[in-house]
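S.K.: Whatever this is, show me its structure:
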Amino acid sequence: MTAGSDRKLMLELKHVSLDYHSSKGTFDHGVHHVLNDVSFKLYENETLGIIGRNGVGKTTSLRIMADILAPTRGDIITRRGATASLLTLGLGFRPDLSGRDNAMLSAVLQGASEREAIGFLEEIKGFSELGDSFEEPVKTYSSGMRSRLGFTTALMTHVDILLIDEVLSVGDAQFKAKAEQAMKERICGEQTVVFVSHSDSQVQNLCDRVIWLDKGSIAAQGDPETVIAQYRESIRTQTRANKKRLADVSTDLKA
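M.R.: This is a model prediction of the structure:
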């Protein structure tokens, strides 16, 4: 990642919030705040990690960056002409179409032109190790075959900003190792990446900067070692508090 004033801004979230209405009375007057006033910048060639517990808004943030969801409030500013894609398994797959046709459709949905998508097809076929099955309907595929096709199609589609949601499980051990190596090469190369994961050790090893989301807001952001240490301490504190509550309830029941 380039440093200082030479850094080129690729994407910025400015005071982004996302709410939705719910009938559950546990929410704020029937409104669930998924994200609340989130602001951060993403720079060219940077790998930005997002960590946090389940349900704090990590995946929602990626979907907003990919223009899949629109925020309730705030702005998303992207560098002119920059393309962003959320790496998901099986985006746009239709069971009646062949692997080749689905790979073509999925690549176009992720931002590739028709000509670019056609150019990716042989590379997708080779990396996915589907052989002649690449020409067969996806409805005949095993779950592992679908995963390999989805992962490869997403990875081979070249975009300016790659948004990665969790480590992907993509078949047998041999293919998984190959997939993880390909992912690491993409992250450690010239690609601009936003990487969401529950594995804080993986985030620390791969990312230049980390954002910790908690209850829809940014709890901390900065260098990986510092932010991850704060996150881990928060988990330890919460775990101790939960154990104490359980102990108190047990004591009350015995009294």
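
S.K.: so what pLDDT did the residue lying closest to Asp223 once chain neighbours are set aside get?
M.R.: Counting by CB to CB, 6 or more residues apart in numbering, Arg209 is the residue found nearest to Asp223 once chain neighbours are left out, at 6.7 Å. C-betas here are computed from N, CA, C, even on glycine. Looking at Arg209, its pLDDT is 96.

S.K.: ditto for Val194
M.R.: 93.

S.K.: May I have the phi/psi pair for it?
M.R.: Main-chain dihedrals, Val194, degrees, to the nearest 10: phi -120, psi 120.

S.K.: so how many other residues sit close to it?
M.R.: 27 (other CB atoms under 10 Å).

S.K.: can I assume it is in contact with Met65?
M.R.: Yes. The pair Val194 and Met65 qualifies as a contact (CB atoms under 8 Å) at a distance of 6.4 Å.

S.K.: Can you point out the buried residues in stretch 97-112?
M.R.: If you call a residue buried by 16 or more other CB atoms under 10 Å, then stretch 97-112 has these buried ones: 97-108, 110-112.

S.K.: Could you give the number of residues near Leu206?
M.R.: 19.

S.K.: contacting residues around it?
M.R.: Leu206 is in contact with Thr47, Gly49, Lys184, Ile187, Cys188, Phe195, counting by CB atoms under 8 Å, 6 or more residues apart in numbering.

S.K.: Run through the residues that contact the second one.
M.R.: Remark: with contacts taken as CB under 8 Å, 6+ apart, Gly49 is in contact with Val194, Phe195, Val196, Ser197, Val203, Gln204, Leu206, Cys207, Arg209, Val210, Ile211, Pro224.

S.K.: quick one: which of those residues sit in helices?
M.R.: Among the contacts of Gly49, the ones falling in helices (DSSP state H) are Val203, Gln204, Leu206, Pro224.

S.K.: Help me confirm that the last one comes into contact with Val210.
M.R.: Going back to what we said before, that points to Pro224. Yes. Judged on CB under 8 Å, Pro224 makes contact with Val210 at a distance of 4.6 Å.

S.K.: Those two: which has the busier surroundings?
M.R.: Val210 (25 against 20).
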